[in-house]
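> could you look at this predicted model? Sequence included:
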Amino acid sequence: MQATGLNYYDLLQSAQVDPSQLSIWLDVMFEKYNTAMWDGFVFDTTPLIGYKYEQFQAELQISVMASYINPDSQALEQSTEGFSLLSGSIPTIGTRLSRDEKEVRDLMQMQKNFGDAQAATIAGKQLFLTFDKMLKSHVNAITYQRNQMVSKGKLEILDQNNPQGLVNAVYSAQIPAENFTVLTGTSAWWTSAARTTEGSAANPIKDFEDKVLQLNDLEIDNITVEADILTWKAVVKHSKVLQAIGYSLNPLVTTDAIAIAVGTNLTTDQRIAAFGNILGVTTKAINHTARVEKINKTTKKVEKVKMRSFAENAFTFYPTGNLGTIKHVLPLIPPTNNGGAVAQYFNGSLLSRVYSDINTNVQYFNTVQSVLTVIDKPVYIFNLVVV
């Protein structure tokens, strides 16, 4: 401990944060991340002890008519859908940041120039930014997870999305294969990923109606359709979609060209809403970009590679409402020797450790979390890929 009362080597003490109260400090300072932000998914109330999970598959009960019987007879007992189990394993994600001697000396200089109070304020800002960066990384990872599960029916861990960690792992949402439709040939809405030429047999309205009818046949009428915002923007410029929008908004339209003109005059948001109204569904546009750090083998520098988290050209149809839970594993709490500190966040699923290497004067900030977004009604999820 320095004579000034500040411990420059411990950012927690410099920021006047009690190590034993770090969990409380996180909850107070980062309430913005501790609220529900993953549409359709909430953290499971009970953590898992191990990395395997089993969960009952949610069933949307389908009602049948009462039976016609003799007045003096009892009706036969109705059958039940029974219970089915979903099972799988939970992946682990984590981050680490460090605070080296240069940052320690910067804080010492700040104290020398402005005194303890100002140095403590600066230390508090540094501590906030450190945890904000790490927690935001977990938020982005879970958001990517959620969007991959919904748009592709699986989370694939590959070099492209996890270049500095484990690869070649797949976590399935267990959506039945027959619930996926991929348009090909002239029936695709565009003939290439560049979306320069429309398929001659493309029929977006019918393709959407077919998916809606599949859910209607399961007695589901309140339906949400989700896609990436860039996909929505492209789709509502498709000539067949503009035609449908134009005709629906103005019954007096007499030609396709005029209908297209009516649709073209709308904003993107208005077109998306109009498209949803035609089909009687709620539309949702996902606008989330994930980034990973990757070493450029040519320049030898670390680059931040950007990717969309929701699959391109994919539409997901599902019953409006809750989609599932975020399964998580109970973290093991290590001892806090040498002035370290531990804290939990995200319903206790995330463990943060702060510890120092007294040989190198480096303080480490580490987070780890075993978590997976699990769809609990996969049989009611339908997917349409239009290119």
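Looks like it arrived, so ask away. Just so it is clear, the structure is predicted and the values come from calculations on it, not from any experiment.
> average pLDDT across the helix or strand hosting residue 118?
Here residue 118 sits within helix 116-152, counting by DSSP states H and E. Averaged across helix 116-152, the pLDDT comes to 91.
> can you show me the helices along this structure?
11-14, 22-29, 101-114, 116-152, 204-216, 229-235, 239-249, 256-264, 268-279 (DSSP state H).
> right, so of the ones you listed, which gets closest to residue 370?
helix 116-152 (11.4 Å; CB to CB). Bear in mind the C-beta positions are built from the backbone N, C-alpha and C, glycine included.
> pull the contacting residues for the residue nearest the centre of the chain.
Closest residue to the average C-alpha location of the chain: residue 143 at 2.0 Å, with CA atoms, centre = their mean. Residues near residue 143 by CB atoms under 8 Å, 6 or more residues apart in numbering: 37-38, 288, 290, 309.
> those residues, buried ones only, as a PyMOL selection?
This is the PyMOL syntax for the buried subset of the contacts of residue 143, where burial follows 16 or more other CB atoms under 10 Å:
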select buried, resi 38+290+309
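> list the buried ones in stretch 89-98?
For stretch 89-98, a neighbour-count test (16+ other CB under 10 Å) marks 90-91, 93-95 as buried.
> and the nearest residue to residue 174 once chain neighbours are set aside, what is it in contact with?
In space, and not counting its chain neighbours, residue 174 is closest to residue 378: 4.8 Å by CB to CB, 6 or more residues apart in numbering. Taking CB under 8 Å, 6+ apart, we find residue 378 in contact with 57, 86, 153, 173-176.
> over to residue 273?
By CB under 8 Å, 6+ apart, the contact list for residue 273 reads residue 283.
> next, find the distance separating the closest residue to residue 93 other than its chain neighbours from residue 249.
In this structure, residue 93 finds its nearest non-sequential neighbour in residue 141, 5.0 Å apart by CB to CB, 6+ apart. Distance of residue 141 to residue 249, given as CB to CB, to the nearest Å: 41 Å.
> before we move on, what about residue 383?
For residue 383, the distance to residue 249 - CB to CB - is 29 Å.
> with residue 90 instead?
Distance from residue 90 to residue 249, by CB to CB: 48 Å.
> ditto for residue 181
28 Å.
> residue 210 too?
For residue 210, the distance to residue 249 - CB to CB - is 23 Å.
> same check, this time on residue 304
Residue 304 is 42 Å from residue 249, by CB to CB.
> give me the more crowded residue out of the two.
It is residue 249, of residue 304 and residue 249, that has more neighbours when counted by other CB atoms under 10 Å, with 17 against 8.
> okay, now the nearest residue to the more buried one once chain neighbours are set aside: neighbour count?
Spatial nearest neighbour of residue 249, chain neighbours left out: residue 262 (5.9 Å); criterion: CB to CB, 6+ apart. Neighbourhood size, residue 262 [other CB under 10 Å]: 18.
> I'd say residue 262 and residue 246 touch.
Yes: in this structure, residue 262 is within contact of residue 246 by CB atoms under 8 Å, at 3.6 Å.
> give the residues shared as contacts by these two.
residue 253.
> follow-up on the earlier one: OK, contacts around the residue nearest to residue 249?
Residue 262 makes contacts with 245-246, 249-250, 253, as judged by CB under 8 Å, 6+ apart.
> which among those gets closest to residue 327?
For the contacts of residue 262, the nearest to residue 327 is residue 245 (40.5 Å; CB to CB).
> from residue 189, how far off is that closest one?
15 Å.
> looking at these two, which is more packed in?
Each of residue 245 and residue 189 has its neighbours counted (other CB under 10 Å); residue 245 has more, 26 against 22.
> grab the nearest non-local neighbour of that one.
Nearest non-adjacent residue to residue 245, counting by CB to CB, 6+ apart: residue 263, 3.9 Å away.
> do you know how far that neighbour is from residue 252?
15 Å.
> which of these two has more residues huddled nearby?
residue 263 (27 against 6).
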